[in-house]
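Undergrad: Provided below for reference: sequence and predicted model.
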Amino acid sequence: MKKHSDFINCQKNIFDRNVTCLEVVKSYLDRIEKKNNLNIFVEVFEEESISRAKQIDKKIINKSAGKLAGMIIAIKDNICYKNHNVSAASKILKNFKSTFSATVIERLIEEDAIIIGRLNCDEFAMGSTNENSFYGPVKNPLNNNLTPGGSSGGCAAAVAASLCHVALGSDTGGSIRQPASFCGVIGLKPTYGMVSRHGLIAYASSFDQIGPISKSSYEIDIVMKIISGRDEYDTTCVFDRKDYENSNLDLSKMKIAIIKEASFHNLLHADVKKSFSKLIESISSDGHKISQISMPVLNYLVPAYYILTTAEASSNLSRYDGIKYGETQRKEINHWETVIKKTRSLGFGKEVKRRILLGTFVLSEGYYDNYYSKAQKIRRIVQQKTDEILNEFDFILLPTSPTIPFNLNQKHKDPTVLYLQDVFTVQSNLSGHPSLSIPIFQYKDDAPVGAQLIGKKLSDQTLLEYGDFILKNYV
Amino acid sequence: MKIDKSTVDRLAKLSKLEFSENEKVEMVEDFKKIVGFVDKLKEVDTEGVKPLIYVNEDVTNVVREDEVRGMLSRKEALQNAPEKDSSYIKVPKVLKKT
């Protein structure tokens, strides 16, 4: 195991004064420097991390250090941190400096976590390969020819390469779980409304959730205990912290549902199928009840997801106009509309423009009922069906992604081929349920496979406990 | 439905984007595929189903008193504006001289 890479031991050593927080930070900074070629970090907050480590070392001597003293956290480049640049990996926000901190950042700093830098991702969190970034793609630390997944590709890669204890990502349709799966680590998409979105650069507000990625569910749990709960700056964050800490299940007697349409999906890669079946076998042979259920709506999840999220995106991204902030094409142009058009056309990447156009289309006159309203109705069917299954079962278990990580630089001629990668992850974003990806198998060529658990609303902590139980007993 | 260059032109105008001729050709092709893909939803029977706008609709609305509170100083608010003077963001001319 890499030096200080396990947070429990790391913090114990700091509190026992076997090592200083400063030494821990320096060893992380060294490792980040060594792994520079993977293009994981957009920016490393080097000087600041060193000075904060010195302050925290003093607090440790005074016995006034917070719960996360010694924890090294890296954040996706779409989470605002006061007086630090944040760009959503877009040219349009290249030199933007945030004037406030996201609620999650404030809560982490309050408990003495060190924010070591910001991480590469797909532009405005739109993508599943991390190739839609203004800064270029991230390489998968397990095999540099492979994608780390997306959109929180930098987050999962940073954790896999031991460049932080925990990374904070965001998940709109799988952007935490799919990269966690591709990099062989753990990622949680919390219940919608469990974690404040204040200070998260919006993609699709009724889907977006911030969540942690780590190598251990324990680390995710202690971060969730700090970041979850109501926030006066986000009225959609409606649950209390005590709603998070409510796990009291007997983990040895679980009822698990697997979905027929997922198990036999035509996109399912043979390696994923094989390792997923092996996991099911191992769990059921230990006395857990596993039942196969049918969910025909599965094949309509991705189209419904793209209609709703692009509609929200087209509206959320209308704020980038080159006037109030961000990159501008003001020079030499005097007509207001031309300034906005040029700024947006040169500032946004191709995938972002494609999604803005689709969102504009589904909201436009004559198409609203057929597309937008129709997708909202399907969203209700998905939520009802998910609730129905989870009334009978404790969890739904399915592969995180239908495939193993693909090679970088594959040219995808049809955008819908990549969109379909989200087939198993969008369900819980449409319905609002929590969902966890855990690594279940790794082949010789370093292409891991992940499995995903979906739980009842507010069962986030139980998901982590059961995920840990599966990892310890059946993988 | 028919998707051609004029569809892309109309949507580009609405979303304040512009595309070169080559980009338009590419966008039309992508758009045909994407619209074909989302058209699949027509197969689902949604008769009598109400649209779901917000996933936690069972939770009561969150309200607070509308109090004046300082959040950002003027200096901070202007910090990222590409063109400004000491107290305002400068915008390109919107009204024509009469």
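TA: Perfect, thanks for sending it.
Undergrad: Flag every buried residue along stretch A:348-365.
TA: Neighbour-count burial for stretch A:348-365 flags A:348-349, A:351-364 (criterion: 16 or more other CB atoms under 10 Å in any protein chain shown). For the C-beta atoms, the positions are set from N, CA and C on the backbone; glycine is no exception.
Undergrad: That stretch - what's its average pLDDT?
TA: Mean pLDDT, stretch A:348-365: 96.
Undergrad: quick one: it to chain centroid distance?
TA: Mean-position distance between stretch A:348-365 and its chain equals 23 Å (CA atoms, centre = their mean, to the nearest Å).
Undergrad: hmm, it in reach of chain B?
TA: Yes: using CB under 8 Å from any CB of the partner chain, stretch A:348-365 reaches chain B at A:Phe348, A:Lys353, A:Arg354, A:Ile356, A:Leu357, A:Leu358, A:Gly359, A:Thr360, A:Phe361, A:Val362, A:Ser364.
Undergrad: Quick check: the gap between A:Lys331 and A:Ile396.
TA: Distance of A:Lys331 to A:Ile396, computed by CB to CB, to the nearest Å: 54 Å.
Undergrad: which of the two has more neighbours?
TA: A:Ile396 (24 against 9; other CB atoms under 10 Å in any protein chain shown).
Undergrad: Hmm, the more buried one is touching A:Ile389, no?
TA: Yes: with contact defined as CB atoms under 8 Å, A:Ile396 and A:Ile389 form a contacting pair (6.0 Å).
Undergrad: Can you pull the residues that touch both of these two?
TA: Taking CB atoms under 8 Å, 6 or more residues apart in numbering or on different chains as the criterion, A:Ile396 and A:Ile389 both touch A:Ala257.
Undergrad: Tell me which residues touch the residue nearest the centre of chain A, please.
TA: Nearest to the mean C-alpha position of chain A, by CA atoms, centre = their mean, lies A:Ile176 at 2.3 Å. Residues near A:Ile176 by CB under 8 Å, 6+ apart: A:Ser152, A:Cys155, A:Gly169, A:Ser170, A:Gly187, A:Leu188, A:Lys189, A:Gly211, A:Ile213, A:Ser437.
Undergrad: those strands in the stretch 51-200 of chain A, which residues are they?
TA: A:72-76, A:114-119, A:166-171, A:186-189 (DSSP state E, counting those that start in this stretch).
Undergrad: Longest helix in the chain, by number of residues?
TA: You didn't pick a chain, so chain A it is. The longest helix of chain A (DSSP state H) is helix A:374-392.
Undergrad: um, chain B though
TA: The longest helix of chain B (DSSP H) is helix B:21-38.
Undergrad: And it, what's buried?
TA: For helix B:21-38, by 16+ other CB under 10 Å, it's B:Glu23, B:Lys24, B:Met27, B:Val28, B:Asp30, B:Phe31, B:Ile34, B:Val35, B:Phe37, B:Val38.
Undergrad: Stretch A:85-103 too?
TA: Buried-residue list, stretch A:85-103, by 16+ other CB under 10 Å: A:85-93, A:96-103.
Undergrad: returning to what we had before: ok, which of the buried residues of helix B:21-38 also contact chain A?
TA: B:Met27, B:Asp30, B:Phe31, B:Ile34, B:Val35, B:Phe37, B:Val38.
Undergrad: Same list (these) but as JSON lines, adding pLDDT and distance to A:Leu108.
TA: Converted to JSON lines, these look like this (pLDDT from 0 to 100; distance: CB to CB, whole Å):
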{"residue": "B:Met27", "pLDDT": "93", "distance to A:Leu108": "41"}
{"residue": "B:Asp30", "pLDDT": "92", "distance to A:Leu108": "40"}
{"residue": "B:Phe31", "pLDDT": "90", "distance to A:Leu108": "41"}
{"residue": "B:Ile34", "pLDDT": "91", "distance to A:Leu108": "38"}
{"residue": "B:Val35", "pLDDT": "91", "distance to A:Leu108": "42"}
{"residue": "B:Phe37", "pLDDT": "92", "distance to A:Leu108": "39"}
{"residue": "B:Val38", "pLDDT": "92", "distance to A:Leu108": "38"}
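Undergrad: quick one, helices of the stretch 351-475 of chain A?
TA: Listed in chain order, the helices of the stretch 351-475 of chain A (DSSP state H, counting those that start in this stretch) span A:374-392, A:415-419, A:426-431, A:460-474.
Undergrad: of all the ones you listed, which has the lowest average per-residue confidence?
TA: What stands lowest among the helices of the stretch 351-475 of chain A, in mean pLDDT terms, is helix A:415-419, with a mean of 89.
Undergrad: Against which helices or strands is it packed?
TA: On a contact count with 3 or more CB pairs under 8 Å, 6 or more residues apart in numbering or on different chains; DSSP states H and E, helix A:415-419 meets helix B:21-38.
Undergrad: related to what we said a few turns ago, for A:Tyr244, find the nearest of the strands of the stretch 51-200 of chain A.
TA: Minimum separation from A:Tyr244 across these (CB to CB) falls at strand A:186-189, 10.9 Å.
Undergrad: That closest one: how far from the chain's middle?
TA: 7 Å.
Undergrad: Run through the helices of chain B in chain order.
TA: B:5-14, B:21-38, B:74-78.
Undergrad: Please tabulate these in a markdown table, including the columns distance to A:Asp234.
TA: What follows is the helices of chain B, written out as a markdown table (distance: least, CB to CB, whole Å):
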| stretch | distance to A:Asp234 |
| --- | --- |
| helix B:5-14 | 29 |
| helix B:21-38 | 30 |
| helix B:74-78 | 20 |
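Undergrad: Show me the one of these that comes nearest A:Arg230.
TA: helix B:74-78 (25.7 Å).
Undergrad: and the lowest-mean-pLDDT helix or strand in chain A, which residues are buried?
TA: None of the helices or strands of chain A scores lower by mean pLDDT, DSSP states H and E than helix A:415-419, at a mean of 89. Burial within helix A:415-419, assessed by neighbour count using 16+ other CB under 10 Å, is assigned to A:Pro415, A:Thr416, A:Leu418, A:Tyr419.
Undergrad: centroid residue for chain B?
TA: Note: chain B centre (CA atoms, centre = their mean) maps to B:Ser15, 6.8 Å.
Undergrad: can you pull the contacts of that one?
TA: With CB under 8 Å, 6+ apart, B:Ser15 has these contacts: A:Ser314, A:Ser318, A:Arg344, A:Ile356, A:Leu357, A:Gly359, A:Thr360.
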